[in-house]
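Enquirer: Test case, fold it:
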Amino acid sequence: MPFTKGESGNPEGRPVGSQNKRKKQLREMIENFLVNNFEAVVEEINTMPSKDKIKFYVEMLPYGLGKVRAESSDVNLDRLTDQEIDEIFEKLKDVATRTIEETTKSYIRPG
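Expert: Predicted coordinates:
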């Protein structure tokens, strides 16, 4: 039976919300890698200078929390002391750690 333009070979199509199997496998592999190497990454981040830590952390937040609309982006890191940057980083780390722990509870299965 020849292909007719405008007609699908599968009129029902893929069910809404179903994922491509390869993409799903890849996401699971990446997720497992991130979970299994989380402590090593944290150790590496802790050796970075304060400004680099903040930059890295801010760049990674959207991947863990989703895109968040900024109310104001008037923060200039060059005007902050290293101590102020460290305090901001610790607060961000606490919030993100709690969020990650809550999120991963649904992904990590015992045994």
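Enquirer: if I pick Arg27, what's in contact with it?
Expert: The neighbourhood of Arg27, defined by C-beta atoms under 8 Å, 6 or more residues apart in numbering, contains no residues. Placement of C-beta: from N, CA and C, glycine included.
Enquirer: got the CA positions of the host helix or strand of it in CSV?
Expert: Assigned by DSSP states H and E, Arg27 belongs to helix 21-36. Only the C-alpha atoms of helix 21-36 are listed here, as CSV (Å, rounded to 0.1, in the frame of the first residue of the first chain):
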residue,chain,number,x,y,z
LYS,A,21,12.7,4.6,24.2
ARG,A,22,16.3,5.7,23.4
LYS,A,23,15.8,9.1,24.8
LYS,A,24,14.3,7.6,28.0
GLN,A,25,17.3,5.2,28.3
LEU,A,26,19.7,8.1,27.9
ARG,A,27,18.0,10.2,30.5
GLU,A,28,18.1,7.3,32.9
MET,A,29,21.8,6.8,32.3
ILE,A,30,22.5,10.4,32.8
GLU,A,31,20.4,10.5,35.9
ASN,A,32,22.2,7.5,37.4
PHE,A,33,25.6,9.0,36.5
LEU,A,34,24.7,12.3,38.3
VAL,A,35,23.3,10.5,41.4
ASN,A,36,26.3,8.1,41.6
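Enquirer: quick one: average confidence on that helix?
Expert: Mean pLDDT, helix 21-36: 88.
Enquirer: Can you name the secondary structure element that comes next after it?
Expert: helix 38-46.
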